[in-house]
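Novice: whatever this is, show me its structure:
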Amino acid sequence: MTTTTTTTLAKLITSLLHLLVAGSISTTLTTIQAGEVADKPMVWAHYVPWFKPTDSSILATKYYNYPLFRSAGDNTADWAEEFRQAKAQGIDGFMVDVVFGKTNGQTNYSEIVHRMLKAAEGGDFQIAICLDVKTTVERQVRELDRMLTLFGKHPNYPQHGGKPVVTTYTWEKWTPEEWAAIRAGIAAAGHDVYLIANLNRNFTKQDRAWLESWAPHFDMAYLFDLMGIDGVPLRTTTDLVADIAKAHGKDYMAGFSPGYYGAWLNGRNDFYQPHRGFDQLHDCFLMVRKERDRWLHFKTWNDHDETSVLPMLFTSANPLITRAYSDTFKGIAPTATRPEVCLAYHREEIPGTLLRIEALNLPTLAKGSVTARGELLDRDGKPVATLEPRTLTANAAEFARAEWLVPTAPLARSPLLTPRITVESHGFSTTTRLPPVFLVNGWHQNAVTVKVPVNAHVEFPNTLEVRRSGKEEGIVEAAVTFDAGEEITGATLFRNDRPLAVFNGATNNKILFNLVLSGRVDRTLRVSGGEILNAVRRHAEKGSDAFVWSKSEAVSRNARDWTPAGLVCAVTPDTRFQVLTTAGKGLFAFTARELNGQGLIRRGNFAIEAAPLDPAAQSHEPLPADTKKGAFKLSVLTRDPRASDAFYVRYETAGGRVALSDVVYPSATKERFVATNLIQTSVNLETTSDRTGSPGKSEYLESMKNIPFGTTSVVEARIPFESIRAGRWTFDTPGNAGRDSLGDMPVSIDPAVLESADGSGEGGEGSVLRLNGETSLKMRLRTWPIGNATVDFRLNPEPGVTARQSVIGRTGWGDGININLLSDGRLEVVRNGNKQVPVETLVSRGRLSFGEWSRVRVTNDSRHLRIYIDGRLDAEKAISPARSYGNSVWFIGGGGRGYTNYRGKIDDLTVCGAAFASGDADFPGQ
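Specialist: Okay, the predicted model is just below:
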């Protein structure tokens, strides 16, 4: 395999896949005759066309775990590279989601399928359609006829016995009679299709009669979401569906589902379904019967709201894992002689939680047993826990798994734990550091399960220094040195797991400023006293009239709400930006300092944000060829530093490997600890909880009777201040009242619900939130404290309300508190969670005065609930220990079931993941 592009990430991915394939898994590819696939053991992946590879850089604004793909800026070239990458992962084709548009009466994205087919020409990669969203029978027939006439005979469109393959996602939204009518209609139009039915029923158990009713109408059955959330063992479900298909002379395609991340960061949903390390995906593999299952289907290649199997920032083991499953399914023997061990664990864990680290050894030709052992290092690199040796079977036909279970309460003094792993077998040994686990108090923000191959990580001498500039407010300075001994192609500075800046010749010794432009208006952004170093826009190719940029300006045309643009500029704080119409009419101007101070400027539908990350991180030039050692410096104009800010550098080698610097906390006072209570428990994000998870399925390999901390308890510990998650909303920043001054979770607030603090009119500087009892303010998803918490705010309830009001409420079933106001002015605090969490209620003795301001603080320290009013302890109650996770959204002024929305004013809200008494000097919201 050769490198076909010259830019950093393209080199990295090409080299990484070369490393993985050549060193670990067979390079033999099954030859597929383009078009006809009836007798081939095809491996497919679901593909969503709204996440184009061209947009890989700017997707970092929406996801922590973004795709590692270096776009050429050309859709056709990018798709061709994506097909090559998928083939290297053992995937033979994509089933592309096409969505019936309810407003335009057409099938959206069908034109992209046509363009993808053209990009596949000359190779054997297959592109089929997957029908999504129900319409009418007549419209579905019309659209299928149109699409199949357009590209159903394309040599890269799969045929099964001469019939074009048509897959479905929303099969069950139709009736059997409607599918019969659709088949008859498209047959009359001249299309005899091979129809694949998704018989997934989510939380509803499979029923033989229900399945029998569909069997006459499909040619193949599969289960898109094979996760067991209905509480039925996967074997029972797969055998039932496959057996009924077989009884009717139909085929069965095995479904692989790794879990569901959810779209927490971008705010689309708060869903999560467990990954259980490697186990959710591996359990699907164990359901495969090669003599029965004709094809195999991965969910999904690139739906980042769900879980993607292409190479991702935190899941770089994806290529190895999918290829190993694919090869085993196809009967392709491994050729690698060294062991290939991958590790999986949560990127973030709440201390007190039993940390699970899982090892997966893929089939290789390594001789003898494979041993994995290691240790966990604290923030200073000192060993604080031992990972005892685990023996993994070395067998060309087998996968082997093992796990380590580490109590984290004794380790809570460190904000992170870094695995340092040694893998050994006959004639082979390697030792390396892997990405750390962050111990966070409050809530998970980056909920990814890290999946990394040990062999793809390397260590070499390097340094990272980050400090606040002594010359200018808002500037962070960073300097690196490294001596790798091998070629380094990229070095990216991360802050809080988001790419902040890239070290290279263009950025060296410059002050960088990251911008994101959004809105559905055409605009020009002109720069004076600085320059644009790089820019990207979603859904815009290089050379497109839709987005054109130079050093002095960027022009965006035909923009939509879903096509943000990202810019990286070299500036001084006085650099001037001017926004104009594309015809050149000036609209408004600002300096870099002004935008950084405000965070966001909005004019109508157009907005410019001082972004918390580099939106073009994968579009920069690589380091000069043959760079093995170096020293670079850069500065970033950015928001005020916080104690919790964690910086590190990710290095990429020409050989496809990754190295990580130490993590530094430049704004934290070392050895500043907070005494706290921790919930010590085996319950974690993967534990089945109400509608999350698979009832009856354990999140551990070991029998549950041998798992420690099965009974939740409370232990005392000291935690570093920088590990405490917090958010503060004062509602004061003009034009950006939803700014979060302690975290990275701003919200959009309608100016109509803001009022000046003195009551004189609309809010601006010195504003408060005023709610009318009809609406509430939805906050960022899953950012409400689980367990320990402090919620501090000012409250001025409006007189005349006689119902119980929800001041701050939440949905979901993670354990946490809700704050309510009773009709007589007393406060009510309710701690609840899933069905196993006892409900605890505390009511204040004192009463708030309606029409007057009061300072309220509520704390939960896992032993007691407490209410403070105007700085004094008013009420407290002992509570039972509890821990649960579940989908969660919190609201200011509502959200509590059985309560009316709050009517009145609220101001200066701080939420954090530790309990602080009123007057405690350590409280983050001082």
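Novice: what's around the residue nearest to Asn266 when sequence neighbours are not counted, how many residues?
Specialist: Leaving out its chain neighbours, the residue that sits closest to Asn266 by CB to CB, 6 or more residues apart in numbering is Lys62, at 4.0 Å. Every C-beta, even on glycine, is put in place using the N, C-alpha and C of the backbone. By other CB atoms under 10 Å, the residues close to Lys62 number 18.
Novice: now do the contacts for Lys62.
Specialist: Lys62 sits next to 263, 265-266, 304 when contact means CB atoms under 8 Å, 6 or more residues apart in numbering.
Novice: show the buried residues in these.
Specialist: Buried members of the contacts of Lys62, counted by 16 or more other CB atoms under 10 Å: 263, 265, 304.
Novice: as CSV, the residues you listed with pLDDT, secondary structure and distance to Gly925 would be great.
Specialist: Putting the buried ones among the contacts of Lys62 into CSV (pLDDT from 0 to 100; DSSP: H, G, I helix; E, B strand; the rest coil; distance: CB to CB, whole Å) gives the following:
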residue, pLDDT, secondary structure, distance to Gly925
Ala263, 93, coil, 28
Leu265, 92, coil, 23
His304, 96, coil, 33
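Novice: identify, from these, the entry nearest to Ile819.
Specialist: Nearest to Ile819 out of those is Leu265 (CB to CB; 25.3 Å).
Novice: surely that closest one meets Ala447?
Specialist: No - here Leu265 does not reach Ala447: they are 9.2 Å apart, not a contact under CB atoms under 8 Å.
Novice: and stretch 182-198, end to end?
Specialist: End-to-end span of stretch 182-198 (CA to CA, to the nearest Å): 16 Å.
Novice: who touches it?
Specialist: With CB under 8 Å, 6+ apart as the test, stretch 182-198 has contacts from 137-138, 140-141, 144-145, 148-149, 152, 159-172, 174, 179, 214, 217-224, 253.
Novice: can I get the buried part of these as one ChimeraX selection?
Specialist: Only the buried members of the contacts of stretch 182-198 enter the following ChimeraX selection, criterion being 16+ other CB under 10 Å:
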select :137,140,141,144,145,148,152,159,160,163,164,165,166,167,168,169,171,172,174,179,214,217,218,219,220,221,222,223,224,253
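Novice: returning to that earlier point: looking at the buried ones among the contacts of Lys62, which is nearest Ser741?
Specialist: Leu265 (18.7 Å).
Novice: quick one: the helices in the protein?
Specialist: 8-24, 75-88, 110-120, 137-151, 176-188, 208-214, 234-247, 279-286, 318-330, 592-598 (DSSP state H).
Novice: figure out how far the fifth one is from the centre of its chain.
Specialist: With CA atoms, centre = their mean, to the nearest Å as the basis, the distance from the averaged C-alpha position of helix 176-188 to the chain average is 39 Å.
Novice: by mean pLDDT, flag the weakest helix or strand of this structure.
Specialist: The helix or strand of the chain with the poorest confidence is helix 8-24; it has a mean of 41 (mean pLDDT, DSSP states H and E).
Novice: picking that back up, out of the helices of the chain, which is closest to Ala412?
Specialist: helix 279-286 (26.5 Å).
Novice: then that closest one to CSV, C-alphas only?
Specialist: Taking C-alpha atoms only, helix 279-286 is exported to CSV below (Å, rounded to 0.1, in the frame of the first residue of the first chain):
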residue,chain,number,x,y,z
ASP,A,279,-17.8,-6.7,24.3
GLN,A,280,-20.9,-5.3,22.6
LEU,A,281,-19.3,-5.6,19.2
HIS,A,282,-17.7,-8.9,20.0
ASP,A,283,-21.0,-10.4,21.2
CYS,A,284,-22.4,-9.7,17.7
PHE,A,285,-19.4,-11.5,16.2
LEU,A,286,-20.1,-14.5,18.4
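Novice: could you give the angle of it to helix 234-247?
Specialist: 40 degrees (axes from the mean of the first three to the mean of the last three CA atoms, to 10 degrees).
Novice: buried residues in helix 279-286?
Specialist: Buried-residue list, helix 279-286, by 16+ other CB under 10 Å: 279-285.
Novice: who does that helix touch, helix- and strand-wise?
Specialist: helix 234-247, strand 251-256, helix 318-330 (3 or more CB pairs under 8 Å, 6 or more residues apart in numbering; DSSP states H and E).
Novice: ok now the first one, how far from the chain's centre?
Specialist: By that I understand helix 234-247. Centroid separation for helix 234-247 versus its chain: 33 Å, with CA atoms, centre = their mean.
Novice: buried residues in that helix?
Specialist: Buried residues in helix 234-247 (16+ other CB under 10 Å): 234, 237-238, 240-242, 244-245.
Novice: from those residues, which is closest to Ala617?
Specialist: Looking across the buried residues of helix 234-247 and measuring by CB to CB, the closest to Ala617 is Leu234, at 38.3 Å.
Novice: any idea how far His346 lies from Thr449?
Specialist: From His346 across to Thr449, the span is 6 Å (CB to CB, to the nearest Å).
Novice: send the alpha carbons of stretch 581-599 over as CSV?
Specialist: Output of stretch 581-599 as CSV, limited to C-alpha atoms (Å, rounded to 0.1, in the frame of the first residue of the first chain):
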residue,chain,number,x,y,z
THR,A,581,-22.2,41.7,2.3
THR,A,582,-20.7,39.7,-0.6
ALA,A,583,-21.4,42.8,-2.6
GLY,A,584,-19.0,44.7,-0.4
LYS,A,585,-21.3,46.7,1.8
GLY,A,586,-19.9,47.1,5.3
LEU,A,587,-22.1,45.8,8.1
PHE,A,588,-20.1,45.8,11.4
ALA,A,589,-16.6,45.5,12.6
PHE,A,590,-14.7,44.4,15.7
THR,A,591,-11.2,43.6,17.0
ALA,A,592,-9.8,40.2,17.9
ARG,A,593,-9.7,41.4,21.5
GLU,A,594,-13.4,42.4,21.5
LEU,A,595,-14.6,39.1,20.0
ASN,A,596,-12.5,37.1,22.3
GLY,A,597,-13.8,39.0,25.3
GLN,A,598,-17.4,38.6,24.2
GLY,A,599,-17.1,35.0,22.9
